[in-house]
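Student: For reference, the sequence and a predicted model appear below.
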Amino acid sequence: MRRLGWAWLALAVLALWLWQQHATRSPAAPGSTPVAHTPAPSAPVVARAPARWPAFLPPEARDTLQRIDAGGPFAHRQDGAVFGNRERLLPPQPRGYYHEYTVETPGAGDRGPRRIVTGGTPPREYFYSADHYRSFRRFTAGDTR
């Protein structure tokens, strides 16, 4: 009888986890501005390291930069959204100039704190934030193909 109780508990935990996974991938809430979203491919994009790669960028940034360069697909619906620069840490530009992208954080249960913000369309400026926009470091993207 105890085994049956543990089995039900395990099943309930699995169902709750699956529901949570589905909820985090649900479409934007009503009234919000939808952002184009394409699911990430099953295999990771393999990026060649540029000849000069900034040492402060984590390895996952290469994948993000390659996806930016290719126009997607992106794993998060917020990727490519306009970055408002409300913190005013980046040079002043008109709204719509900056766009944000997620840099995956291994082990994070959500998008994590790491972002790349690009300036211009196509991107001419690149900034990295490891602490969810509290600070930025400018860098050159190099050849991400």
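Tutor: Arrived safely, thanks for sending.
Student: count of neighbours near Ser135?
Tutor: Neighbourhood size, Ser135 [other CB atoms under 10 Å]: 12. (Each C-beta comes from the backbone N, C-alpha and C, glycine too.)
Student: partners of the residue nearest to it when sequence neighbours are not counted in the sheet?
Tutor: Leaving out its chain neighbours, the residue that sits closest to Ser135 by CB to CB, 6 or more residues apart in numbering is Ser129, at 6.4 Å. Beta-bridge partners for Ser129, by DSSP bridges, are Arg115.
Student: which ones are touching Ser129?
Tutor: 113-117, 135-137 (CB atoms under 8 Å, 6 or more residues apart in numbering).
Student: Please identify, among these, the one with the most neighbours.
Tutor: These, ranked by neighbours (other CB under 10 Å): first place Ile116, 25 neighbours.
Student: all strands for the protein, in order.
Tutor: Counting by DSSP state E, the chain has strands at residues 98-102, 115-119, 125-129, 137-139.
Student: and Arg62, which of those strands is closest to it?
Tutor: Closest of the strands of the chain to Arg62 is strand 115-119, at 10.6 Å (criterion: CB to CB).
Student: Can I get that closest one in CSV, CA atoms only?
Tutor: Taking C-alpha atoms only, strand 115-119 is exported to CSV below (Å, rounded to 0.1, in the frame of the first residue of the first chain):
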residue,chain,number,x,y,z
ARG,A,115,21.6,39.1,-21.8
ILE,A,116,23.1,40.5,-24.9
VAL,A,117,21.7,43.8,-26.0
THR,A,118,22.3,44.9,-29.6
GLY,A,119,22.1,48.4,-31.0
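Student: packing partners for it?
Tutor: Under the contact definition 3 or more CB pairs under 8 Å, 6 or more residues apart in numbering; DSSP states H and E, strand 115-119 sits against helix 60-70, strand 98-102, strand 125-129.
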